[in-house]
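Q: quick one: sequence and predicted model below, then my questions.
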Amino acid sequence: MDARKDLRPVLPTIEETDKCSVEEKFQNETLRQIIKLQHYLLIALFKTYAFTRKTDLQTTSEQRIKRFIESALSKDLAFKNRLIGVIIGQFTMEELEIYKENSSEFNKRILAILKKRLKDSLSELVPKASIL
């Protein structure tokens, strides 16, 4: 087994059904684990991105930060690709083969999970006392 898999956090298993698609299975068994593993790196990359875009997260309202996250992951192709690369870099060769079969669908799933994770992590992006 690839040592990268040993690094991944164990997530509560999602009950599989016969109707579970290949994409959903890959998302639940691979993408979610990797995204959780890379959480602190993703937070740091987003903070750096905000800084380079001259967005002061300390003085920005929670609602505006959420819109900024949405915009960054929807419109900035270079940033989206950087974050997707952080995830793909943790794939095993077998996982890469699965990813290549339907990369656009998996990229959508990765970005959706990242948007939610970043929005749910505002306390890590900005200390609680400064969220307006």
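A: Structure's in. What do you need?
Q: just want the most central residue of the protein.
A: Nearest to the mean C-alpha position of the chain, counting by C-alpha atoms, centre = their mean, stands Leu114 at 3.0 Å.
Q: so what pLDDT did it get?
A: The model reports Leu114 with a pLDDT of 98.
Q: what's the answer for Pro127, then?
A: pLDDT, read off for Pro127, is 67.
Q: who's in contact with the helix or strand harbouring the residue nearest to the centre of the chain?
A: Using DSSP states H and E, Leu114 falls within helix 103-120. The contact list for helix 103-120 (C-beta atoms under 8 Å, 6 or more residues apart in numbering) reads 23, 26-27, 31-32, 35, 39, 42-43, 46, 66, 69-70, 73, 80, 83-84, 87, 99, 125. In short, each C-beta sits where N, CA and C put it, glycine included.
Q: check contacts around Thr92.
A: 2, 4-5.
Q: verify the stated contact: Arg82 with Ala44.
A: No. Look at Arg82 against Ala44 with C-beta atoms under 8 Å: they stay out of range, at 11.9 Å.
Q: helix or strand next in line after the worst-scoring helix or strand of the chain on mean pLDDT, which one?
A: In the chain, no helix or strand scores lower on mean pLDDT, DSSP states H and E than helix 3-7, which sits at a mean of 73. Scanning forward in sequence from helix 3-7 by DSSP H and E, the next helix or strand is helix 22-26.
Q: thanks a lot, catch you later.
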